[in-house]
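*Asks:* Just the structure for this:
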Amino acid sequence: MANRWTVFGKIASNLGSAALFTLSLLSAPAFAGDPFQRDEPHEIGDRTEEAFNAMFKDGNYGTAATSIDRAIQEEPNEPMAHALKASLIYLYEGDWNDFKTYATSTRTTAESLADSDPLRSHLYTAVGHFLEGAHALKTEGTVRGTPAALAKLRQVFQNLDAAEQTDSTDPELNIIKGFMDLLLAVNLPFANPDQSIERLKNYAGPDYLAHRGLAIGYRDLDREDEAMIEVDRALELTPNNPEVWYLKAQIFVDLGKHKESLPWFQKALDKSQQLPDELVDQIKDEQDEATRRAGQ
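*Replies:* The predicted structure follows:
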C-alpha cells in the first residue's frame, strides 16, 4: 500500500511537472491556444498556453509561475491554469492550504465545462480529485489520509473513463492518462505497462512530451536503450529543456556510462535558475555520485 501512495505523490507532481503531469505549442488557432495538436482545437486560453509551454516545453518554472498567475487572473474558468498552480505549489512545497484551494478550483472550474466541453470537464475533474487526494495524503499522512485518497482515486478513474468514452483518441486525455498509467504500471507489482506505452506512442500529444513520457517509462522498466531513443527524440523537439538534459544523464547512468552522463548533468545545472531548488539539489547529488563512479 505504501508504494501506491508514493506513486500518488509522484504523479501529482508530474501533473504540473506529469502528469501533469507533464506539452508544446506547435500551432496556435486564432481564437485561443491549444498545445495538444488536435485537428479540432479546444478553446484553451492563451495565457494558460504560455504557462504550459514555459513549464513543459522550456523547463522554465520561474516564467511558468508568472504566466500561471496571469492565466488565473485573465482566464479564471480554465481548469488547466488552476491545476498548474496547484502543481507548482506541490513542487515547491508551498502552503498546503493554498494547494488545497487550487486543487479544488481545478475540479470546480472543470465541472463548469460540462456542457461546453464534456471531455475536458471530465479530464480536469479527474485531475482535481487527484490533487485533492494528494493533499489528504500530504497533510494527514498515509494512515489517516488513505480513506479520503481512495475515495478520490475512485472519482479520478470514473471521470477518466467518462472522458475516454467521449473521445478515446484525444491527445490531451492520452498524455495525462498515459503518464498516470505508466507511473502506476512501473511502480505497482503485476501491472502491465504495454497499454500505457501504446497510448503514449499512438494517441498522446504534443509529441515532445509523449517521447519524454516514454523515455521515463522505459528508464523505470530497465529498458535503457529504448529510453535513450525516446529521450533523443524529445531533445530534437525541445533542445533547450534542462529537465530533458537531466533525464538523458540519468539514462546514461542506468546504462553504466557514468562519464558520458556528466556533461548532461552539467548542462542541466547551467540552467538551475529555471528549476525548483529541490530538483537542483537532486541533480547535484546525482552528478556527484556519477562523478565518483566515473573516477573523476
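
*Asks:* how would you label residue 264: helix, strand or coil?
*Replies:* helix (DSSP: H, G, I helix; E, B strand; the rest coil).

*Asks:* for the one 5 residues further on, same thing?
*Replies:* Secondary structure for residue 269, judged by three-state DSSP, is helix.

*Asks:* That one contacts residue 287, doesn't it?
*Replies:* Yes - at 6.9 Å, residue 269 counts as touching residue 287 under the criterion of CB atoms under 8 Å. Where C-beta positions appear, they are placed from N, C-alpha and C, glycine not excepted.

*Asks:* Among these two, which residue is more densely surrounded?
*Replies:* Using other CB atoms under 10 Å as the criterion, residue 269 and residue 287 rank with residue 287 on top: 20 against 17.

*Asks:* ok, that one - contacts?
*Replies:* Residues in contact with residue 287 (CB atoms under 8 Å, 6 or more residues apart in numbering) are 249, 262, 265-266, 269.

*Asks:* quick one: it from residue 262, how far?
*Replies:* Noted for residue 287: a distance of 7 Å to residue 262, by CB to CB, to the nearest Å.

*Asks:* which residues do these two both contact?
*Replies:* Joint contacts of residue 287 and residue 262 (CB under 8 Å, 6+ apart) are residue 249.

*Asks:* my guess is residue 125 contacts residue 111, does it?
*Replies:* Yes - under the criterion of CB under 8 Å, residue 125 makes contact with residue 111 at 5.7 Å.

*Asks:* Between those two, point out the one with more neighbours.
*Replies:* residue 125 (26 against 15).

*Asks:* Would you mind measuring from the more buried one to residue 113?
*Replies:* Distance from residue 125 to residue 113, counting by CB to CB: 9 Å.

*Asks:* can you check residue 68 too?
*Replies:* For residue 68 relative to residue 113 (CB to CB), the value is 19 Å.

*Asks:* Compare these two (neighbour count), which wins?
*Replies:* A direct count of neighbours by other CB under 10 Å for residue 68 and residue 113 places residue 68 higher, at 29 against 21.

*Asks:* Name all residues that make contact with the more buried one.
*Replies:* By CB under 8 Å, 6+ apart, the contact set of residue 68 is 51, 81, 84-85, 88.

*Asks:* Check those residues and tell me the two furthest apart.
*Replies:* Using CB to CB, the contacts of residue 68 reach their maximum pairwise distance at 81 and 88, which is 10.9 Å.
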